[in-house]
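Colleague: Predicted model and sequence follow; I will ask about them next.
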Amino acid sequence: MQPRRQPKETLCPHRIRRVERTSMGVVQKEKNSVNPLSGPMIQEQALIYAEQLNKPEFKASNGWLESFSKRNNLSFHKVSGESADVPQETVDSWTARLPHLIEGYSPRDIFNMDETGVFYRALPDKSYAAKGEDCKGGKKSKDRITAVLCTNMNGTEKLKAIVIGKAAKPRCFNNVNLNSLPVLWRNNKKAWMTTELFTDWLRDFDRKMRQQKRKVLMFIDNAPTHPPNAVRLTNTKLIFFPPKTTSKLQPLDQGIIAAMKKTYRKRLLRAVLSKAEDESLSANEIARTVNVLDACHWIGRSWNEVTAETITSCFRKAGFPTNAANEADEVNEDTELDRLVTATGRALVSLNFYVLRTLSMSTVKSRPMLV
């Protein structure tokens, strides 16, 4: 007869309660100070407190961390954006000044312009997979172009988007009338906004406002490529956001650019899915067949699909005063963005189905994928 095994000594719940309370205090402190807090950091800090509280038997295992997170309703998030670095007093001061800055201008005459990088071949970096199964992908595409977006406050006048690439006339533009594109094509060696491109665009914008006999405001950030006195303007007044505050104060950064990009990504996924049924290629290989002509069409169409309700809501979120009558008819921007995210997620599930099986054909057509 085998001797009875001695029960393993465990740490009673009430003995670890003080460790957990102290650890949760650290979590809250780091959250308020906007410092990233990882699981290993919580575990290490818990061990330190256990030692200080004379609890040497406490083990900050992965199982404890999981239970601790569930008990305290914690979840792991990716740190994104720069809004945490914007001083609230700067935001409050700007918001208080806004009514005076826009006094005398109607919403149709208040504009915001900004540039954003578009990785036009990049697929989502997250995927559904069976539990316990490795989820591996190929090298992420870093092919970038720049989209320049400009809209007025009530969303009734979205200017034609500008797309900036590296080549003056890419090979895929052969036999293509550039005037027929849904965007304006510009180029420089870094595919980014330059002072020359900005001043040319601003001069042309001011000329159109002069022809329409309109006096307008243009809100822009203080990027080096946006010099305040580079061009003489007659009908456009430039107003610059305070430095490093656009993540909270610029309307385009409150969801307008994100709405365009989500719709663009949905078009990219649809194009990959349409070829995945016919090509013996992986999703990343199909995505590499996307060219800047495809990207121009998709950016143009995606920009056109951003609704006036989304634009007005984002201006309001940035602190711009809006009429109560207009607000009653608006759709919350989150509803619009959630709809796009859901559609993209569904496309992603289908994408993985095709990527994980062997496909039949091997030829890749070079024509633009107009989706």
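Modeller: Happy to help now that I have it.
Colleague: mind listing the helices in the stretch 251-371 of the chain by residue range?
Modeller: Using DSSP state H, counting those that start in this stretch, the helices found in the stretch 251-371 of the chain span residues 256-276, 283-287, 292-305, 308-317, 324-328, 333-355.
Colleague: helices or strands up against the first one?
Modeller: The one in question is helix 256-276. Applying 3 or more CB pairs under 8 Å, 6 or more residues apart in numbering; DSSP states H and E, one finds that helix 256-276 contacts strand 110-119, strand 144-152, helix 283-287, helix 292-305, helix 308-317, helix 333-355. Every residue, glycine included, has its C-beta placed from N, CA and C.
Colleague: That helix: which residues count as buried?
Modeller: 256-273, 275-276 (16 or more other CB atoms under 10 Å).
Colleague: same thing with the third one?
Modeller: Burial within helix 292-305, assessed by neighbour count using 16+ other CB under 10 Å, is assigned to 292-303, 305.
Colleague: Closest to residue 61 out of the residues you listed?
Modeller: Of all the buried residues of helix 292-305, residue 302 has the smallest distance to residue 61: 46.9 Å, by CB to CB.
Colleague: Residue 250 versus the closest one, what's the distance?
Modeller: In this view, residue 302 and residue 250 are 19 Å apart by CB to CB, to the nearest Å.
Colleague: related to what we said a few turns ago, for the buried residues of helix 292-305, which one is nearest residue 282?
Modeller: Comparing those against residue 282 with CB to CB picks out residue 294 as the nearest, at 18.3 Å.
Colleague: for stretch 55-68, what is the average pLDDT?
Modeller: On average, the pLDDT along stretch 55-68 is 78.
Colleague: Output it as PDB, nothing but the C-alphas.
Modeller: Written as PDB, here are the backbone C-alpha positions of stretch 55-68 (Å, rounded to 0.1, in the frame of the first residue of the first chain):
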ATOM      1  CA  LYS A  55       4.400  35.900   1.000                       C
ATOM      2  CA  PRO A  56       7.300  33.800  -0.400                       C
ATOM      3  CA  GLU A  57       4.900  31.100  -1.500                       C
ATOM      4  CA  PHE A  58       3.100  33.300  -4.000                       C
ATOM      5  CA  LYS A  59       3.900  32.500  -7.600                       C
ATOM      6  CA  ALA A  60       3.000  35.000 -10.300                       C
ATOM      7  CA  SER A  61       2.400  32.300 -12.900                       C
ATOM      8  CA  ASN A  62       0.700  32.700 -16.200                       C
ATOM      9  CA  GLY A  63      -2.400  31.100 -14.800                       C
ATOM     10  CA  TRP A  64      -2.400  33.600 -12.000                       C
ATOM     11  CA  LEU A  65      -2.100  36.400 -14.500                       C
ATOM     12  CA  GLU A  66      -5.000  35.100 -16.500                       C
ATOM     13  CA  SER A  67      -7.200  34.800 -13.400                       C
ATOM     14  CA  PHE A  68      -6.100  38.200 -12.200                       C
END
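Colleague: List the buried residues of that stretch.
Modeller: Within stretch 55-68, the residues that count as buried by 16+ other CB under 10 Å are 55, 58, 60, 64, 65, 68.
Colleague: which stretch in the helices of the stretch 251-371 of the chain has the least confidence?
Modeller: Lowest mean pLDDT of the helices of the stretch 251-371 of the chain: helix 324-328, a mean of 39.
Colleague: what's the closest non-adjacent residue to residue 164?
Modeller: Leaving aside its chain neighbours, residue 164 sits nearest to residue 146 (4.1 Å; criterion: CB to CB, 6 or more residues apart in numbering).
Colleague: got it, and residue 243?
Modeller: Among residues not flanking residue 243 along the chain, residue 222 sits closest, at 5.7 Å (CB to CB, 6+ apart).
Colleague: and the one you found, how many neighbours?
Modeller: A count of neighbours around residue 222, defined by other CB atoms under 10 Å, yields 14.
Colleague: contacting residues for it?
Modeller: 240, 241, 243 (CB atoms under 8 Å, 6 or more residues apart in numbering).
Colleague: Tell me, how many residues neighbour the first one?
Modeller: It stands for residue 240. 13.
Colleague: wait, doesn't it sit right on residue 227?
Modeller: No - under the criterion of CB atoms under 8 Å, residue 240 is not in contact with residue 227, lying 10.5 Å apart.
Colleague: For residue 151, state which of the buried residues of helix 292-305 is nearest.
Modeller: Nearest to residue 151, judged by CB to CB, of the buried residues of helix 292-305 is residue 303 at 8.9 Å.
Colleague: hang on, the earlier thing: so the residue nearest to residue 243, which of the three states?
Modeller: coil (DSSP: H, G, I helix; E, B strand; the rest coil).
Colleague: So for it, what pLDDT did the model give?
Modeller: Residue 222 is given a pLDDT of 90.
Colleague: same deal with residue 110?
Modeller: Model confidence at residue 110, given as pLDDT, is 97.
Colleague: Number of residues surrounding it?
Modeller: For residue 110, using other CB under 10 Å, the count is 21.
Colleague: bridging residues for it?
Modeller: Residues in a beta bridge with residue 110, per DSSP bridges, are residue 217.
Colleague: could you list every residue that touches it?
Modeller: 102, 152, 153, 216, 217, 219, 315, 320.
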